[in-house]
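Visitor: Turn this into a structure:
(4 chains)
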There are 2 protein chains.
Amino acid sequence: MALAQAIMTSLLDADLSGSELARDFEKSMGFFWQASHQQIYQELRKLSQKGWLNKREVNQTGKPNKILYGLTLAGRKALADWVYGPTRVQPTKDELLLKLYNLSEENAEHLIGEITQRREEVMQRLYLYETIRRRHYADPAALPVRHKGVYLALESGIHQGEQFLAWCDQALELLATV
Amino acid sequence: MALAQAIMTSLLDADLSGSELARDFEKSMGFFWQASHQQIYQELRKLSQKGWLNKREVNQTGKPNKILYGLTLAGRKALADWVYGPTRVQPTKDELLLKLYNLSEENAEHLIGEITQRREEVMQRLYLYETIRRRHYADPAALPVRHKGVYLALESGIHQGEQFLAWCDQALELLATV
DNA sequence: GCGAAGCATGCAAAAAATTGCAGCAGCTTC
DNA sequence: GAAGCTGCTGCAATTTTTTGCATGCTTCGC
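Guide: The predicted structure follows:
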């Protein structure tokens, strides 16, 4: 969809390599954008060819060399322009909710298990986000402009997580009576 | 991902045609599963070949004929088994949050506009869901088992929507100071 | 009765994403 | 020093999704 812009956005603050980007996507942007490393490497090549990124190889001790990518001026310009274009959303696809449509006496117990497990996963991610908020965004109003945006995205993730936990509790309560 | 199961799940209550399925997806399942009509028609063909669906043509007055699909016994069995398999989630991809990462003094006004617009859209969907809840799920504890699951999925959509509205307000407040 | 609009179905090409694998470097273990 | 593990990069095939039509049939407006 807009993988190119997701990558370029990640490179706003620092130059990163493909594998660093892949890890970043899982962490900070993970809740509203995810991409596999194959996707990222392919896109990096395309963006370099377009002249939006430049690359330089970096020797590392103890690890194989990595290739750092950074935004070019043209890249920064393209990204800034993109903000004014159309905005697409690709809603979640969640097999768990689909499974709930198939709830029965027989599978209720299994689904309770799945919800419990998911609750756990979400709680962990939520914990991570709240740590980040406490550490970097204690005083949102005082942040530099761009970081206010980043903060709001983080807030969105936290809201989402909290909402999901509340829903899990409601679901588990109702399912207990099945 | 699990388009096949999404379609079969829609056919649990009633036999539907391709276009009816496409409309259904937009409405009831829309917030956690979306599919275009091309995807649906293709998948319907595959599922028929597998023997999980049967089809019959229905003459309509005032409209072109449609082809109704219904679950076969094998289809019902496959769907029931699928519930015990692995559950995949494909998180949202939202360009709006990505754009927020690129917030600047210059584009703040534009992004405020986008958030306002999105808030409106979500509010309308939320209104629809709440209407459905009031009409069909006034007393959740009294529902037949399977409908409890459907109710919970609906609740998830409502939670999500409410959460999003709250986030929008928070975002607009913070952005007002930029 | 003619053109426009809408519904239902579908094909085909292109783009995007996933899956599975592989090479290579250095480090660790035995 | 051979075998195995990990980190980084990448290719290739397949599957999934999107995009852009095409067809036929019916009503509706004029």
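Visitor: contacts and neighbour counts: CA atoms only from here.
Guide: Fine.
Visitor: need the longest helix for chain A.
Guide: Among all segments of chain A classified by DSSP state H, the helix with the greatest residue count is helix A:145-176.
Visitor: any idea how far it is from the chain center?
Guide: Its chain's average C-alpha position is 14 Å from that of helix A:145-176, according to Cα atoms, centre = their mean, to the nearest Å.
Visitor: With stretch A:55-62 instead?
Guide: The answer for stretch A:55-62 is 26 Å, by Cα atoms, centre = their mean.
Visitor: Contacts made by that stretch with the rest, please.
Guide: With Cα atoms under 8 Å, 6 or more residues apart in numbering or on different chains as the test, stretch A:55-62 has contacts from A:48, A:65-70.
Visitor: Return the residues in contact with the residue nearest the centre of chain A.
Guide: Ranked by distance to the mean C-alpha position of chain A (Cα atoms, centre = their mean), the top residue is A:Gly30 at 1.7 Å. Counting by Cα under 8 Å, 6+ apart, A:Gly30 touches A:Asp24.
Visitor: A strand includes it, no?
Guide: No - assessed with DSSP: H, G, I helix; E, B strand; the rest coil, A:Gly30 is coil; it does not lie in a strand.
Visitor: Now do it against DNA strand D, distance only.
Guide: With the distance defined as Cα to the nearest atom of the strand, to the nearest Å, A:Gly30 ends up 18 Å from DNA strand D.
Visitor: Buried residues, the longest helix of chain A. List them.
Guide: Of the residues in helix A:145-176, those with enough neighbours to count as buried (16 or more other Cα atoms under 10 Å in any protein chain shown) are A:145-165, A:167-168, A:171-172, A:175.
Visitor: Contacts (any at all) between chain B and it?
Guide: Yes - counting by Cα under 8 Å from any Cα of the partner chain, contacts between helix A:145-176 and chain B involve A:145-150, A:152-153, A:155-156, A:159-160, A:163-164, A:167, A:171, A:174-175.
Visitor: List of residues touching stretch A:102-113?
Guide: The contact list for stretch A:102-113, computed with Cα under 8 Å, 6+ apart, reads A:99-100, A:172, A:175, A:178, B:9, B:80, B:83-84, B:145-149.
Visitor: Give the phi and psi angles for the one residue in chain A that gets nearest to DNA strand D, as a check.
Guide: DNA strand D sits closest to A:Lys66 of chain A, with a gap of 3.2 Å, by Cα to the nearest atom of the strand. Main-chain torsions, A:Lys66, degrees, to the nearest 10: phi -130, psi 160.
Visitor: Wait, it touches A:Ser17, no?
Guide: Yes - A contact is recorded between A:Lys66 and A:Ser17 when judged using Cα atoms under 8 Å, the distance being 6.3 Å.
Visitor: Between those two, point out the one with more neighbours.
Guide: Shown here are A:Lys66 and A:Ser17; by other Cα atoms under 10 Å in any protein chain shown, A:Ser17 has more neighbours (22 against 16).
Visitor: tell me the phi and psi of the nearest residue to A:Arg76 once chain neighbours are set aside?
Guide: Leaving aside its sequence neighbours, A:Arg76 sits nearest to A:Trp52 (Cα to Cα, 6 or more residues apart in numbering or on different chains; 7.5 Å). Dihedral angles phi and psi of A:Trp52 (degrees, to the nearest 10) take the values phi -90, psi -20.
Visitor: got it, and A:Leu71?
Guide: Backbone torsions for A:Leu71, taken as degrees, to the nearest 10, come to phi -70, psi 140.
Visitor: How much space separates it from chain B?
Guide: The spacing between A:Leu71 and chain B, counted by Cα to the nearest Cα, to the nearest Å, is 14 Å.
Visitor: these two touch, right, that residue and A:Lys50?
Guide: No - contact status for A:Leu71 versus A:Lys50: not in contact, 11.4 Å apart, counting by Cα under 8 Å.
Visitor: Which one's more surrounded, these two?
Guide: Shown here are A:Leu71 and A:Lys50; by other Cα under 10 Å, A:Leu71 has more neighbours (26 against 12).
Visitor: Next up, the contacts around that one.
Guide: A:Leu71 sits next to A:8, A:11-12, A:15, A:52-54 when contact means Cα under 8 Å, 6+ apart.
Visitor: Which members of these occur in helices, if any?
Guide: Among these, the residues falling in helices (DSSP H) are A:Met8.
Visitor: what would the contacts of A:Leu71 look like in TSV with neighbour count and pLDDT?
Guide: As requested, the contacts of A:Leu71 are arranged in TSV below (neighbours: other Cα atoms under 10 Å in any protein chain shown; pLDDT from 0 to 100):
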residue	neighbour count	pLDDT
A:Met8	23	96
A:Leu11	18	95
A:Leu12	15	94
A:Asp15	19	94
A:Trp52	22	94
A:Leu53	23	94
A:Asn54	20	93
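Visitor: What is the burial count for A:Val122?
Guide: Look at A:Val122: counted by other Cα under 10 Å, it has 17 neighbours.
Visitor: Also A:Phe31?
Guide: 22.
Visitor: contacting residues for it?
Guide: Taking Cα under 8 Å, 6+ apart as the contact definition, A:Phe31 lies against A:157, B:91-92.
Visitor: Check the spatially closest residue to A:Glu130 that is not a sequence neighbour and give its pLDDT.
Guide: Across the structure, with Cα to Cα, 6+ apart as the measure, the residue nearest A:Glu130 apart from its sequence neighbours is A:Ile158 (7.2 Å). A:Ile158 carries a pLDDT score of 96 in this model.
Visitor: residues contacting A:Ile158?
Guide: A:Ile158 touches A:126, A:129-130, counting by Cα under 8 Å, 6+ apart.
Visitor: now A:Ala171
Guide: A:Ala171 is in contact with B:Leu152, counting by Cα under 8 Å, 6+ apart.
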